[in-house]
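In: With the input below, show me the fold.
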Amino acid sequence: MSTPVDVDQILAAVSAKVAVREDLVPFKEIKAMSRSVDPARDAASALLQRGCGVIAEIKKAVPGRGPIAEVASIPDLAREFEKGGATLIACHTDQQRFAGSLSDMAAARGAVDVPIMCRDIIVDPYQIHEARYHGADVVPLQVGLLDRARLESLLDRIESLGMVAMAEVRNRAEAELASAIGARAVGVNARALGSEELHREVFSEVVPLLPEATIRIAMSGVRSPGELLAYAGAGADAVIIGERLMTADTPGSLTRVLVAAGQHPSCPSRRQAS
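Out: As a prediction, this is how the structure comes out:
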């Protein structure tokens, strides 16, 4: 059952944590640091390949359930995902809810050549510069938590640093807003905030509202090649897979199986082979 989400409380909590970090590293400094690192990798091109790509997610814990996987080495896990054929690697950076960190993301980025997606609740420009400095190539924006003015401002900031902004939506109204602000990529999450319930049908309801050029990413609940193919058939360019990979005996091998399904000639694709 869904738990009511206090949006103001979420935003205040994230902002408070940002303020603590900004006391240690001022905004002007993190801004300069973010522009001193190597340029962002081309995540858009990676996501626009034929078939349905797999975004392998580093997720050590789940809100409400706690730890789901022990990770001996973030770099080794990232390399397993890359060798398995993952299009991108996503990394949770929220310590409280997902036991992640910016250091985890930096470690993953340093170990692989594929683009890296930051997974966090972004409410402040400071976080965007932090993410870029630690290796992010894609940064999410929770459309349901932010008003249009802030969404537009944060999206512009992300793109100004050469990254891709992924607007994360959970219903038709949020998808329409994502389109209105010109989001280049939209992630459709089958889970509502504060819920463990899956509603995979939301993806097929939302996709018709998106411009044809929008990169479409399915989020949550993909555990098998069949579920990946179902999302591909509904128009997904990629799927994010976290818990199923993290709890697998051999994450790299399962990544390979899922990638093979997404690249098989029978997999529905909006992109034609070149």
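
In: Roughly how far does Ser204 sit from Ala230?
Out: Distance, Ser204 to Ala230, by Cβ to Cβ, to the nearest Å: 9 Å. All C-beta spots, glycine's among them, are computed from the backbone N, C-alpha and C.

In: Check Met163 too.
Out: With distances taken as Cβ to Cβ, Met163 is found 29 Å from Ala230.

In: Compare those two and say which is more crowded by neighbours.
Out: Met163 (26 against 18; other Cβ atoms under 10 Å).

In: What is the burial count for the closest residue to the more buried one other than its chain neighbours?
Out: With Cβ to Cβ, 6 or more residues apart in numbering as the criterion, Met163 has its nearest non-adjacent residue at 4.8 Å, and that residue is Ala40. Number of residues near Ala40 (other Cβ under 10 Å) recorded here: 19.

In: what stretches of the protein score poorly on pLDDT?
Out: Scanning the chain for pLDDT under 70 picks out 1-5, 194, 271-274.

In: one more time with 50
Out: Applying pLDDT under 50 to the chain picks out residues 1, 274.

In: and the lengthiest helix in it, what does it pack onto?
Out: In the chain, taking DSSP state H as the definition, the longest helix is helix 7-24. Packing contacts for helix 7-24, counted by 3 or more Cβ pairs under 8 Å, 6 or more residues apart in numbering; DSSP states H and E, involve helix 125-133.

In: which residues sit against the helix it packs on?
Out: For helix 125-133, contacts defined as Cβ atoms under 8 Å, 6 or more residues apart in numbering pick out 18, 21-22, 27, 30-31, 33-34, 36-37, 40, 93, 102, 105, 118, 120, 122, 139, 153-154, 157-158, 161, 163.
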